[in-house]
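J.: turn this into a model:
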Amino acid sequence: MAYFCLYFYVCALVNADSRCKNKLCINSRPFVCVDSQIAHSTKDGSKEKTESEGEPMQRGYHWIVCAVLIIGEMAGGGLVALPSSFINTGLWPGILMATVSAVLTGYTSVQLGDNWLMMQKRWPEYHMPCRKPYPEMAYRAVGNIGSAFVSIIIAIQQFGMSVVFLLLASNNISSFLYSFWQIKINFCFTALAVAAFITPFLMLGSAKDFWQAGFVATFSTSIAVVLMIIGVHHDWGTCTPEVDFPPVVINNFFLAYGTIMFAYGVHSVIPTLQNDMKIPNDFTKSIVLGFVVTLILYLPISILGYLVYGGSQGSSIISSLQLTWVQQTVNILITIHVTVTQIIICSPLSLQIEELFRVPNQFGVRRVIVRCTIVICVLFTALSIPKFGVILDLIGGTTITLLSMILPAIFNLCLIASSKKRQLIKNSKQSQDSIYASVTDVFHHNSSPLLVMNFCVLAFGLIGGIASTSSAIAKLATTKWELPCYVEVFMGTLSFKGEGGVVSCCGRFKNITSMTGVDASGFCTL
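T.: Next up, the predicted model:
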């Protein structure tokens, strides 16, 4: 009963969303909400500028709120997975790769923000809310094919990340129930519960309608980091003398690249977040604060986890924490984080699909159908592929590398070049939309330092992405798969998977525990 009350309460909130009320919603390119008083297009496609660049929108959030949303979207899944990547890279290469990736992805995030500001200056209609800003950026930079490609990549990434977060949350809940109350519930059932819980919140319009989720996610992750440090310190004296550092293997090294890129994979939602800001010009501040705080959260846990647990870590550092109350409290905090983060990351995917089917940008039956269908598909995929580590590596090496490293750099060079190219055309009868930059224009109209920096980013992304994807596919081919639980239900073989211990104990054989008076055979996951 409480759940249905919450559902109707959220429905009432989203029904109050009148973003397009008394406005003309343009269904052609670009799909934006334009105030009915804005002047019609002139012959060359330009519009009377009704707002100065960077002027506050009537609705929107502060740049600090945007930074918190960025931290909230990144830190949860990355905090769980990043420490295990250090096993594949070694300590110092891991620190270097994590830091360089943070700097480069932060740089490309700033470029995405600059791209959007250029678009707002050149096409004033982008001062109004836009349902799919990243594909619109691709359209303005390289044309329709680029827009379609970005839309597909974003859909794949957001869907994959939703699957990973649903698996992580449901496994954490199952582990929590078993550790404290010996309740044996298969993760498939907890996945159903998590999916049912988040569905009402997914009915909200866009990120600005649920900005509080970012604060919840960031707060829960910050507390989790403190507790992780306490848990690692507790295990230090017992585990450090027995720590085993496996040799670095080239295939695993590139798998680590995919994991690290996943940890910084916020770019698909960045244009949406900036589009919902009160003052988009402040977006660089949000990026700097968001990435600095995230790196501060990542590095201590990754370094300590490697030094104390070494190769005994599984796909998540949480399972290595032997102090039970710390482990399970962190489990719950990370579960809270990834659950509310799903609301953020599903927003671009939902908006894109709604535009594809011309769903009105307000709460209604069609929005409910689309977003419930997305949840059902995510749930079905999670139940079919329960090993999130494999999915994480593949997503990190492919879609996240494209959206975080390669495409922002290309779009930035193209938009700058096309803007300068248009300025040089006198008395042109061409519309603004038809001015695109050629390869020659890119080299001619961009400065040498910018070209060098962007091509370094492209090289880092291409080499790492190709190698990481190849390693992930090879791992995928050798992974041992289990029957999906919806098949096991009919076969009568569905059982609880967590018996025999929920802790990845330290040492080469994963059988050393820091807990006194505890039988390793019943405590450790051997």
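
J.: give me the phi and psi for the nearest residue to Leu351 once chain neighbours are set aside.
T.: Once flanking residues are discounted, Leu351 sits nearest to Arg131: 4.5 Å by CB to CB, 6 or more residues apart in numbering. Glycine gets a C-beta too; all of them are placed from N, C-alpha and C. Dihedral pair for Arg131: phi -80, psi -30, per degrees, to the nearest 10.

J.: and Arg131, how far is that from Glu354?
T.: 7 Å (CB to CB, to the nearest Å).

J.: neighbour-wise, which of the two wins?
T.: More crowded of Arg131 and Glu354, by other CB atoms under 10 Å: Arg131, with 24 against 19.

J.: from memory the more buried one sits against Ser350, does it?
T.: No - the pair Arg131 and Ser350 fails to qualify as a contact (CB atoms under 8 Å) at a distance of 9.5 Å.

J.: quick one: common contacting residues for these two?
T.: By CB atoms under 8 Å, 6 or more residues apart in numbering, Arg131 and Ser350 have no common neighbours.

J.: counting contacts, what elements does the lengthiest helix in the chain pack onto?
T.: In the chain, taking DSSP state H as the definition, the longest helix is helix 144-181. Helices and strands touching helix 144-181, by 3 or more CB pairs under 8 Å, 6 or more residues apart in numbering; DSSP states H and E, are helix 63-89, helix 133-142, helix 187-198, helix 324-356, helix 365-384, helix 388-395, helix 407-424.

J.: avg pLDDT for the helix or strand containing Phe253?
T.: Using DSSP states H and E, Phe253 maps to helix 250-263. In this model, helix 250-263 has a mean pLDDT of 84.

J.: tell me which residues in it are buried?
T.: Asn252, Phe253, Phe254, Leu255, Ala256, Tyr257, Gly258, Thr259, Ile260, Met261, Phe262, Ala263 (16 or more other CB atoms under 10 Å).

J.: and the closest residue to the first one other than its chain neighbours, how many neighbours?
T.: If the residues on either side of it in the chain are set aside, Asn252 comes closest to Asn88, at 3.9 Å by CB to CB, 6+ apart. Asn88 is flanked by 24 other residues according to other CB under 10 Å.

J.: show me the contacts for Asn88.
T.: With CB under 8 Å, 6+ apart, Asn88 has these contacts: Val248, Val249, Asn252, Phe253, Leu255, Ala256, Thr259.

J.: and the residues you listed, which is closest to Trp181?
T.: Thr259 (32.5 Å; CB to CB).

J.: can you lay out the buried residues of helix 250-263 as a markdown table showing distance to Ala477?
T.: Formatted as a markdown table, these follow (distance: CB to CB, whole Å):
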| residue | distance to Ala477 |
| --- | --- |
| Asn252 | 15 |
| Phe253 | 18 |
| Phe254 | 15 |
| Leu255 | 13 |
| Ala256 | 19 |
| Tyr257 | 19 |
| Gly258 | 15 |
| Thr259 | 18 |
| Ile260 | 22 |
| Met261 | 21 |
| Phe262 | 20 |
| Ala263 | 25 |
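
J.: and stretch 312-320, how far apart are its ends?
T.: Start-to-end span of stretch 312-320 (CA to CA, to the nearest Å) is 8 Å.

J.: for it, buried residues please.
T.: Quick answer for stretch 312-320 (16+ other CB under 10 Å): Ser312, Gln313, Ser315, Ser316, Ile317, Ile318, Ser319, Ser320.

J.: over to stretch 87-94?
T.: Ile87, Asn88, Thr89, Gly90, Gly94.

J.: re the thing from before, turn the buried residues of stretch 312-320 into a markdown table, including pLDDT.
T.: Output for these, formatted as a markdown table (pLDDT from 0 to 100):
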| residue | pLDDT |
| --- | --- |
| Ser312 | 87 |
| Gln313 | 84 |
| Ser315 | 71 |
| Ser316 | 78 |
| Ile317 | 84 |
| Ile318 | 85 |
| Ser319 | 84 |
| Ser320 | 89 |
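
J.: look at the nearest residue to Ile154 once chain neighbours are set aside and give its secondary structure.
T.: The shortest distance from Ile154 to any residue other than its chain neighbours is 4.8 Å, reached at Ser268 (CB to CB, 6+ apart). Following DSSP: H, G, I helix; E, B strand; the rest coil, we place Ser268 in the coil state.

J.: phi first, then psi, for Ser268.
T.: Dihedral angles for Ser268 - degrees, to the nearest 10 - are phi -70, psi -20.

J.: identify the residues contacting it.
T.: Tyr134, Ile153, Ile154, Gln157, Gln158, Ile345, Pro348, Leu403.

J.: separation between it and Ile374?
T.: 15 Å.

J.: just the buried residues of stretch 87-94 now: which is nearest Gln212?
T.: Nearest to Gln212 among these, with distances taken as CB to CB, is Gly94, at 33.9 Å.

J.: quick one: low-confidence residue ranges for this structure.
T.: Scanning the chain for pLDDT under 70 picks out 1-59, 205-211, 388-389, 426-434, 481, 492-502, 526.

J.: spell out the secondary structure type for Ala437.
T.: Assignment for Ala437 (three-state DSSP): coil.

J.: ok, now how distant is it from Val503?
T.: For Ala437, the distance to Val503 - CB to CB - is 56 Å.

J.: list the buried ones in the longest helix of the chain?
T.: Result for helix 144-181 [16+ other CB under 10 Å]: buried residues 146-147, 150-151, 153-179.
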